[in-house]
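Trainee: Dropping the sequence and predicted coords here.
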Amino acid sequence: MSATGDAASDAGRVSMRGIVKRHGALTVLHGIDLDIEPGEFFALLGPSGSGKTTTLRILAGLESLSGGRVLLDGRDVTDREPGERDVAMVFQSYALYPHMTVFDNIAFPLRMVATPATGIDRAVREAAALVHIDHLLSRRPGQLSGGQQQRTALARAIVRKPRLFLLDEPLSNLDAKLRLETRVELRKLQRALGVTTVYVTHDQEEAMTIADRVAVFMEGRIAQIGRPQDIFAKPSSAVVAAFLGSPPMNLLPAEVRAGTLRVAGVDLRVDRALGADGNVTLGVRPAALRIAPAGMPARVYLIEDLGDTTIVDLDVAGHIVKLRTEARPNVREGDNVHVAFASHACHLFERDSGARRGD
Amino acid sequence: MLLVAVAALLLVVWAFPVIWALLTSFKTERDVLAYPPTVIFEPTLANYRDVLFGSASILPNLLSSTIVAGASTSLTLLFAVPAAYALARLDLPAKRASGFYVLATQMLPPVGLIIPYYLVLQKVGALDTYTGLIVIYLTFSLPFAIWLMVSYFEDIPREMEEAALLDRAGRLRALWYVILPQVRGGIAVTTIFVFLNAWNEFLFAVVIGGNRVRPVTVAMFNFISVEQTLWAKLAAGAMLAMAPVILLGLIAQRHIVKGLTVGAVKGAAR
């Protein structure tokens, strides 16, 4: 959304309507509905096997679908070949052509549409400069580091000025430090180019930091769509809550009885609407928990010292609960303590359906 | 050190017949029969002169062999490469079954096919013709080449083509510009094997060919007769017959070494 002001970004509106994908008896996607705005950086986030990559491949035209329509800028492209969709993709493995130089790799999409040689030369050098590999043009992919290969794949996508970038876990083969750097660069690059980008990742932190909006995939369905901060603040279900954050949200079985919340054998006074009586799942983010004189009884199970923060694993009535704090807490493994949280920091989900309770 | 010793031993075992034939080809027929065998003798080029330009010149036969082996190799590659690609990549009905059929044809001992092939060629009037012999060779080399090439195509990640398809290459240009250059090694290995088999083939050549079509293997057989065996000339002929194949092998050597280890290490750099 941030890049929609760019004049060049009017193209690249994506609509997916009721996308169903079956492999024999197995249904991989159960009716996906998505709308992506021009210029938006949109992440498809989910655990492996959740259908996010399949969705991306359907968008690219690499995967047939069993039902539904794909629209690009209002045009139905469901039955169009990948090459007719004007989309560029960066594969997880980069899929660079090993027998060609970096220059030829980047030039390939232009040569396939008979671009004049002078135009190719200029476009390749521009694209290579954008991702800082203009000094490597005569090398072959085998002579590049992982990061340089990744940039070559990016340049090959950029050079065409497509209406849509599709990125399939583009950072997952980089080491941790490079991944963080490239993430920032990728975001900057996308803003500068203003091209709609669909980004597949299983790394929730990556999706949160890089995307304008996120679709969380769970078992072939979209569990939630929204801005990262909104999804983080109000996960629509217990599974989404359990997937986001590091460490993710703690979930504990609880009961609502006459306006009080009963967790781990104690009644907690919670200063918010709890809804009807019944079984619920209580969700609290690790950072929202603190060790207090009163609250849920817990035993310190393990202390993980991460340097700037500490994660305390607590045993609360047989459930491991993680507490994150920046000050090293004055407890030791085996201590019996109490943990508490602020009323506004608690999330309630229906025990059976996992759906969020209204608040 | 032990490795070098073993390698040297193997080399001696393999090289001995070739070296012996090479020596024999420079001997007179009398020296050949000398007992104990002589290693030091007065070399002569007479055998080569006879074999090349004498009354029993094998030059026309070398040409024959070149035509048969060359044509069957080119045709094999022309059909086998696209067929292997299709088997490796496309979702064809009965793909597994056809793959097995291709392999099954290799299980028949060739001898069992001589009579049926002879009869078929006789019926269509293709006995003792280049067409006839080449077609017969294709029935052996095609399944083999397809089967060999499939493994090379399967070694290439599908994402290569997908990337090319998204780059607007289309299926055929993706094959030509992206996939084929990456299976060059496989094509080289297949070429060598198919060419070698056709070049060295004797059984079908002698039965189905014979007069108008007489490859060098058949011609060399003429040096062996009831009365005497002209060992020196046979050796000279063998040396000449080996030359083109060795040349081809040297040209493609770089690819062969790589190619023979295909699949040995999954995902190894090509």
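Mentor: Received the coordinates, thanks.
Trainee: ok, and the residue of the stretch 101-250 of chain A found nearest chain B, which helix or strand is that part of?
Mentor: Closest approach between the stretch 101-250 of chain A and chain B, counting by C-beta to the nearest C-beta: residue A:109, at 3.9 Å. C-betas here are computed from N, CA, C, even on glycine. For residue A:109, the enclosing helix or strand under DSSP states H and E is helix A:102-111.
Trainee: likewise residue A:165?
Mentor: According to DSSP H and E, residue A:165 maps onto strand A:164-168.
Trainee: Show me what that strand is packed against.
Mentor: Here strand A:164-168 touches helix A:52-60, strand A:87-90, strand A:196-201, going by 3 or more C-beta pairs under 8 Å, 6 or more residues apart in numbering or on different chains; DSSP states H and E.
Trainee: How about the first one and chain B, any contact?
Mentor: Yes: interface with chain B: helix A:52-60 contributes residue A:60 (C-beta under 8 Å from any C-beta of the partner chain).
Trainee: And the chain, what are its domain boundaries?
Mentor: With no chain named, the answer covers chain A. A:7-238, A:239-350 (automatic domain parsing).
Trainee: Not quite, go with chain B.
Mentor: Taken from automatic domain parsing, chain B resolves into B:1-44, B:58-260.
Trainee: Pull the distance from the longest one to the chain's centre.
Mentor: Relative to the mean C-alpha coordinate of its chain, domain B:58-260 is positioned 6 Å out (C-alpha atoms, centre = their mean, to the nearest Å).
Trainee: just the shortest one next, same as before
Mentor: In this view, domain B:1-44 has its centroid 25 Å away from the chain centroid, taken as C-alpha atoms, centre = their mean.
Trainee: Averaged pLDDT, it. What do you get?
Mentor: For domain B:1-44, mean pLDDT rounds to 87.
Trainee: what's the burial count for residue A:230?
Mentor: Residues contacting residue A:230 under the criterion other C-beta atoms under 10 Å in any protein chain shown number 14.
Trainee: what about it, which helix or strand?
Mentor: Applying DSSP H and E as the criterion places residue A:230 in helix A:228-233.
Trainee: any idea which helix or strand comes after that helix?
Mentor: Later in the chain than helix A:228-233, the nearest helix or strand by DSSP H and E is helix A:238-243.
Trainee: just checking, what packs against that following helix?
Mentor: Packing partners of helix A:238-243 (3+ C-beta pairs under 8 Å, 6+ apart): strand A:213-218, strand A:221-226, strand A:250-257, strand A:278-284, strand A:346-350.
Trainee: cutoff 7 Å now
Mentor: Secondary structure elements in contact with helix A:238-243, counted by 3 or more C-beta pairs under 7 Å, 6 or more residues apart in numbering or on different chains; DSSP states H and E, are strand A:213-218, strand A:221-226, strand A:250-257, strand A:278-284.
Trainee: List the contacts of the last one.
Mentor: Read that as strand A:278-284. Strand A:278-284 has contacts (C-beta atoms under 7 Å, 6 or more residues apart in numbering or on different chains) with A:238, A:241, A:249-256, A:261, A:263, A:341, A:345-351, A:357.
Trainee: chain center to the helix holding residue A:109: distance?
Mentor: Taking mean C-alpha positions (C-alpha atoms, centre = their mean), helix A:102-111 and its chain are 30 Å apart.
Trainee: So what touches the helix or strand following it?
Mentor: Heading C-terminal from helix A:102-111, the first helix or strand you meet, by DSSP H and E, is helix A:117-130. Helix A:117-130 has contacts (C-beta under 7 Å, 6+ apart) with A:103, A:106, A:107, A:110, A:111, A:134, A:137, A:155, A:158, A:159, A:189.
Trainee: ok, and the most crowded of those?
Mentor: Within these, residue A:106 tops the neighbour count with 30 neighbours, counted by other C-beta under 10 Å.
Trainee: re earlier: for the helix holding residue A:109, enumerate the helices and strands it packs against.
Mentor: Short answer (3+ C-beta pairs under 7 Å, 6+ apart): helix A:102-111 packs on helix A:117-130, helix A:146-158.
Trainee: Highest mean neighbour count out of those?
Mentor: helix A:146-158 (a mean of 24; mean count of other C-beta atoms under 10 Å in any protein chain shown).
Trainee: need the residues of the stretch 151-270 of chain B near chain A, please.
Mentor: B:157, B:159-160, B:162-163, B:165-170, B:173, B:178, B:181-182, B:269-270 (C-beta under 7 Å from any C-beta of the partner chain).
Trainee: Let's see that with 6 Å instead.
Mentor: Counting by C-beta under 6 Å from any C-beta of the partner chain, the stretch 151-270 of chain B comes close to chain A at B:159, B:160, B:162, B:163, B:165, B:166, B:167, B:168, B:169, B:178, B:181, B:182.
Trainee: Assign the closest residue to residue A:16 other than its chain neighbours to helix, strand or coil.
Mentor: Spatial nearest neighbour of residue A:16, excluding adjacent residues (C-beta to C-beta, 6 or more residues apart in numbering or on different chains): residue A:34 at 4.2 Å. Here residue A:34 is strand, with the state taken from DSSP: H, G, I helix; E, B strand; the rest coil.
Trainee: separation between residue A:34 and residue A:69?
Mentor: Distance, residue A:34 to residue A:69, by C-beta to C-beta, to the nearest Å: 11 Å.
Trainee: Looking at the two, which has the bigger crowd around it?
Mentor: Ranked by neighbour count (other C-beta under 10 Å), residue A:34 and residue A:69 place residue A:34 first, with 19 against 14.
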